[in-house]
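> Here you go, sequence then predicted model.
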Amino acid sequence: MLKKFASVRFTLSILLFLSILFAGYSIYYKVRYWGFNFVPKQNADVWTVEAHISFEPNGDPIKVSLTTPAKSDEFKILEENIIASGYTVKKDENTSRLLLTAPKLKKTQDIYYRVMLFDNIDSRGKTKAPKPNAPKKPIFEEQRMAVSKQIIDMAKKENGDDVAQIIRFLNKVPLEPIVQSYLPMQKTPRDMVETISDLLAIKGIPSRMVRGFKLEENKKSLAPDLMIEAYMDNVWKTYNIETGDKGLPENFVVFQRGGDALIDVEGGNNSTIRFSVLKSIASSMSLANKRAKLADNKSWYDYSIYNLPLAEQNTLKWLSIFPLAILIIVLMRNVVGLQTMGTFTPMLLAMALVKTGFWSGLLCFALIVGVGLAIRFWLSRLNLLMVPRISSVVIIVIIMMQFLTVIGYQFKYDVALSAVFFPIIIMAWIIERASITWEEDGAVNAGKEIVNSLFVAVITYFIISSEYIRHIMFAFEELNLVILFIVMLLGTYTGYRLLELKRFKPLVKE
Amino acid sequence: MFKKFFSSFASPKKLREAGILCMNSRNYDVIFKNNQRRLYPLVDNKVLTKKLANEIGINTPGLIGKIDHQHEVKNILDIISGYKEFVIKPAQGSGGKGVLVITDYENEVFTTASGRHISYAEVYQHISNILSGLYSLGGKYDSAVIEELVHFSDIFKDYSYQGVPDVRIIVYKGFPAMAMTRLPTKESGGRANLHQGAVGVGLDITTGKALRGVVRNMPVAIQPDTGADLMQIQVPYWREHLIIGSKAYEMTGLGYLGADIVLDAFRGPMMLELNARPGLAIQIANGIGLANRLKEIDTYPSGLTPEERVDYVMKKAAK
């Protein structure tokens, strides 16, 4: 019998060793050939933008023309993908527009376009560009031209260079009377860009519209933000169209330059385009280069997490931190010897804390459990049967969450809003367990169990909320295999738990 | 400060030398190897345990009745008619949870061990709670067992506050390995659980004489509520106690078990319940590690009858 157990441990050790080897090689491979990094920050300049186009076909043959980012020195396109079944896809390299054509279709059409961009922040605004053709002066009637020139003159009093002066003048608060009559009543960002562009053209400065995205992870359904670029001192400079500030904002990626429509749909109605953005994990220049050179690697990559749609990636990013949290629970119980309420309760609490934020989460937890316990004590006097009683506690927890959220919103008190992130059933069980322990073993033991569970939850929280650790666990998900075998090996750990060293201390003769 | 903190921990090496069995090792090296999971229901269900015990000739408190379903709860008054005192407990409870001791019953007024009077409605509610699984392992539906009250021997009168003191014997491969008596205190609420604050007194396995006493891991010489001298404890009918524990091995097939035995003033030692995962506090009560004892028992001969095993232990360990 003893031999059998020894061999279990031996087998698991071998498997652990193999999994470490595998993970080691895999990490090496990803770093070397896919250009992955160990530090999340270095990935910050690689972004995946996904455009989701949908429309209702009207019965005619369909023709869709979609703008895609053009190559430039400021960002490189690492990868482009389009999911459009039934369409013939062509790319016009000159205008960098994708042309999709299809015969008559019936159902609502969904087309996904995805592009992975490397945003080269260092070269922003520094790259010398060939001088574009002199801008075409707008053809205005005499009177409008005169007003335009007057605006250009008046703008000279503003701060900044020629471009900034005009933008700031146009955006003055309150509006200059002359501007008020010059701009359309309800001006859109696009009107703004066109007006600025016209005025610059009169001055002989070439300019163009810029569409891009303020990058925020997990943000969905973005409408592109507009900026304007002007050609000055041999480079294209970017300006904010409201403040006149020069330079691209941080985390802003340019999707398209020039004023062409983002999308044209022929043969369809109600066309919409929605964007989502993900800070990508497959990073740096080497990705594109190396992958291009080693074409056979592609199949490998295709089967990895990083090729899934973005929404799934975000979910998996969240999931891939679970095994580490589980490992912590196992360590806390079997190596440290802390008794907690329910095996995975602390892990679920930690997950909730990540979503709520640390202090507001703890406050909310204390509030729900505190009020819940008070109500539960009243319930116990009613002598209800167990299942209806626990169910009542669940419902009470839900009502408390609703109450906190509504009150929190009304009083702009964000802390209360985080109540909804706590797992309802877990909260109800904590209340139920605590109140039974309270009745059976006294308040001290009940408090101890809650504190222990919270303690483990807090430790778990600090580990899983680390951006660095999350990045590593997602980028190198083979580490989860290593964790699996560590956990299994811990299942054969028969040594003393840390707290047992204290418990059995009186038995050691000095 | 750090020094003081660290000195409150023992070194693993010293614990190993002292032969202290730890939780992980108990689960992995002892329970996995000696207790088959399919045998657990035999000890987890008190009705079943009682039936098996009576078949093999072990004394247990007499069974008055059993309630399995909610609609039977109203029969409780019929079941207990003629009895003045009895105990209601969950068939699959653990750690004394849900045990209701009625010391006097007359005209639908119940008096509990602590002297409190409770009504029929409260007893009804208590039985309902038992059936709904409030006290059972994992919240499974349970049955309520009504059994005769143990009149525990005068010998323990001075050592116990309310509740029922019992003797816990750890039986390994049929050989009694270690024993203690558990004395309820005010703090433990009349229950014989060490983690709730009951006194644990280690007993010499060969004689049943007190070795040392502990409350919450701290050594004590007297019962905190009654002031009785713990070192004077000498459990009578010690060999009979050991034989009950030893027979439990044949009865259940569990290689590692804890037998809880009470001494009835009229019927002698009776088995109250068995435990397939007895805790480790017994080591602290005895001041000795269990691992070494188990290792020694591994060398004992096999194929002996329960009585022979008890005599073997009493002779061998006495040396």
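Nice, thanks for sending it over.
> With adjacent residues omitted, what lies nearest to the residue nearest the centre of chain B?
The residue lying closest to the centre of chain B (Cα atoms, centre = their mean) is B:D260, at 3.1 Å. Spatially, and ignoring its direct neighbours in sequence, B:D260 is nearest to B:L272 (4.5 Å; Cβ to Cβ, 6 or more residues apart in numbering or on different chains). From N, CA and C alone the C-beta is placed, and that goes for glycine too.
> Next up, the contacts around the one you found.
Contacts for B:L272 (Cβ atoms under 8 Å, 6 or more residues apart in numbering or on different chains) come out as B:60-61, B:150, B:164, B:166, B:260-262.
> For the residue nearest to the centre of chain B, give me the backbone phi and psi.
phi -100, psi 120 (degrees, to the nearest 10).
> my guess is it contacts B:E273, does it?
Yes. Proximity of B:D260 to B:E273 meets the contact threshold set by Cβ atoms under 8 Å, at 5.1 Å.
> what ranges do the strands span in the stretch 201-319 of chain B?
B:210-215, B:218-220, B:256-264, B:268-275 (DSSP state E, counting those that start in this stretch).
> Give me the pLDDT for the one residue in the stretch 101-250 of chain B that gets nearest to chain A.
Going by Cβ to the nearest Cβ, chain A is nearest to B:S132 of the stretch 101-250 of chain B, at 3.9 Å. pLDDT, B:S132: 83.
> hang on, it packs against A:M386?
Yes. Here B:S132 reaches A:M386: they are 3.9 Å apart, a contact under Cβ under 8 Å.
> burial count for B:M218?
9 (other Cβ atoms under 10 Å in any protein chain shown).
> Neighbour count for B:S132 and A:M386, which is higher?
Neighbour count, other Cβ under 10 Å: between B:S132 and A:M386, B:S132 has more, with 21 against 18.
> For that one, give me its contacts.
Counting by Cβ under 8 Å, 6+ apart, B:S132 has contacts A:385-387, B:141-142.
> Go through those residues and flag which are in strands.
Judged by DSSP state E, those include no members of strands.
> List buried residues within those.
Neighbour counting over the contacts of B:S132 (16 or more other Cβ atoms under 10 Å in any protein chain shown) leaves A:386, B:142 as the buried ones.
> Of the contacts of B:S132, just say which sits nearest to A:I178.
Using Cβ to Cβ, A:V387 comes nearest to A:I178 of the contacts of B:S132, at 75.8 Å.
> Report how many residues lie close to A:E439.
Neighbours of A:E439 (other Cβ under 10 Å): 12.
> need the contact list for it.
A:S380.
> At which residues are the helices of chain B located?
B:2-7, B:12-17, B:23-25, B:32-34, B:40-44, B:46-56, B:76-79, B:120-131, B:238-252, B:281-286, B:290-297, B:306-318 (DSSP state H).
> Pull out the buried residues from the second one.
Of the residues in helix B:12-17, B:14-15 count as buried by neighbour count, 16+ other Cβ under 10 Å.
> name the element A:Q150 belongs to?
helix A:142-155 (DSSP states H and E).
> and the next helix or strand along the chain from that helix, how far out from the chain's middle?
Once helix A:142-155 ends, the next helix or strand along the chain (criterion: DSSP H and E) is helix A:162-170. Mean-position distance between helix A:162-170 and its chain equals 35 Å (Cα atoms, centre = their mean, to the nearest Å).
> Show me chain B divided up by domain.
B:14-43+B:153-318, B:62-148 (automatic domain parsing).
> and those domains, which is most packed in?
domain B:14-43+B:153-318 (a mean of 20; mean count of other Cβ atoms under 10 Å in any protein chain shown).
> How about the residues of chain B by chain A?
B:8-12, B:14-16, B:18, B:20, B:22-25, B:28-29, B:32-33, B:97, B:122, B:125, B:128-129, B:132-134, B:139, B:195-196, B:214, B:217-219, B:283-284, B:287-289 (Cβ under 8 Å from any Cβ of the partner chain).
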